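*Asks:* Structure for the following, please:
(one chain, ligands or ions: 1)
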Amino acid sequence: MDHEFWLQRWREGRIGFHQDAVTPWLREYWPGLRLPPGSQVFVPLAGKSLDLAWLAAQGHDVLGVELSSLAVEQFFAEQRLAPQMRESRYGRHYRAGNIELICGDAFGLDTDVLADCAAVYDRAALIALPPPLRQRYANQLYACLPPGCRGLLVTLEYPQQEKDGPPFSVSGREVRELYERDWDVAVLARHDILARQPGFIAEGVTALETVAYRLLRQG
Ligand SMILES: C[S@@+](CC[C@H](N)C(=O)[O-])C[C@H]1O[C@@H](n2cnc3c(N)ncnc32)[C@H](O)[C@@H]1O
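*Replies:* Take a look at the predicted model:
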């Protein structure tokens, strides 16, 4: 699964992962992270998620990264925002108000650009990646986030042998293996969602849960 896989999905409009509403667990669990107003929030593999706009509406400075320029441009067009653009070594930055999206590779980011992030929000990012990239995502990208950083992570769990990803199943054990060295990991909620996912049922999946985690980066 390379960059072209995702770029092609955006070109062909095969974006079944995109939601027409804000993620309910974001509304429910974000306030519990108790971030000061104005804190910067990092959103890796951002897509054109409405969650970006919701985070900005809470008074956060939002910093997203997304490979596809179609996704980035659709996000701003759908929000009726006219972003300013600049280039950097990370890619093309689009900024409107308190939302900045970098059109580039998340794995090209470093501690310089992520130094001010007080939080990270992951919905459909870790689970979009195959196992070797999940290791890089935690060990390389999350390693660039500063001590004290807090996070909300949403995963899916299902019998992986019943369907190919993405989205991939990422077990609680794997989440701990990926993060626990540097992050305090706590499960906030776990729900059975199979009945609400006819696409998974049609593919023969027999069990499907979504899990929300709170992360806290150790000093
Ligand atoms: C499953 S989608 C989730 C998007 C968004 N988080 C949401 O909830 O709608 C994964 C997104 O990550 C982007 N992506 C994949 N690999 C990436 C990378 N290495 N750097 C930046 N974005 C990437 C894809 O283009 C796609 O939009």
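*Asks:* and this structure, which residues reach the ligand?
*Replies:* 6, 17-18, 45-47, 49, 65-68, 71, 105-107, 123-125, 128 (Cβ under 6 Å from any ligand atom). From N, CA and C alone the C-beta is placed, and that goes for glycine too.
*Asks:* Weed out the non-buried ones from those.
*Replies:* Buried by 16 or more other Cβ atoms under 10 Å: 6, 45-47, 49, 65-68, 71, 106, 123-125, 128, out of those.
*Asks:* wait, what's in contact with Arg14?
*Replies:* The contact partners of Arg14, by Cβ atoms under 8 Å, 6 or more residues apart in numbering, come to none.
*Asks:* got any ranges where the chain has weak pLDDT?
*Replies:* Scanning the chain with the threshold set as pLDDT under 70 gives 1.
*Asks:* give me the residue from it nearest the ligand.
*Replies:* Nearest residue of the chain to the ligand: Gly47, at 2.7 Å (Cβ to the nearest ligand atom).
*Asks:* Helices along the chain, start to end?
*Replies:* For the chain, the helices defined by DSSP state H occupy 3-12, 24-29, 50-57, 69-78, 111-114, 131-136, 172-179, 198-202.
*Asks:* Just put those in TSV and tack on distance to Thr210.
*Replies:* Converted to TSV, the helices of the chain look like this (distance: least, Cβ to Cβ, whole Å):
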stretch	distance to Thr210
helix 3-12	21
helix 24-29	8
helix 50-57	15
helix 69-78	22
helix 111-114	26
helix 131-136	17
helix 172-179	12
helix 198-202	11
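*Asks:* Mean neighbour count, those helices: which tops it?
*Replies:* A comparison of the helices of the chain by mean neighbour count, using mean count of other Cβ atoms under 10 Å, puts helix 50-57 on top with a mean of 20.
*Asks:* Does that helix pack against any helices or strands, and if so which?
*Replies:* Under the contact definition 3 or more Cβ pairs under 8 Å, 6 or more residues apart in numbering; DSSP states H and E, helix 50-57 sits against helix 24-29, strand 40-43, strand 61-66, strand 99-103, strand 117-123.
*Asks:* let's see it at 7 Å
*Replies:* Judged by 3 or more Cβ pairs under 7 Å, 6 or more residues apart in numbering; DSSP states H and E, helix 50-57 is in contact with strand 61-66, strand 117-123.
*Asks:* on that earlier part again, now the residue of the chain closest to the ligand, what are its backbone angles?
*Replies:* phi 60, psi -140 (degrees, to the nearest 10).
*Asks:* I'd say it and Glu66 touch.
*Replies:* Yes: counting by Cβ atoms under 7 Å, Gly47 does reach Glu66; the two are 6.2 Å apart.
*Asks:* Centre-most residue in this structure?
*Replies:* Closest residue to the average C-alpha location of the chain: Asp122 at 3.0 Å, with Cα atoms, centre = their mean.
*Asks:* where's that one relative to Gly91, distance?
*Replies:* 19 Å (Cβ to Cβ, to the nearest Å).
*Asks:* same question, Asp61
*Replies:* 18 Å.
*Asks:* of those two, who's got more company?
*Replies:* Gly91 (20 against 17; other Cβ atoms under 10 Å).
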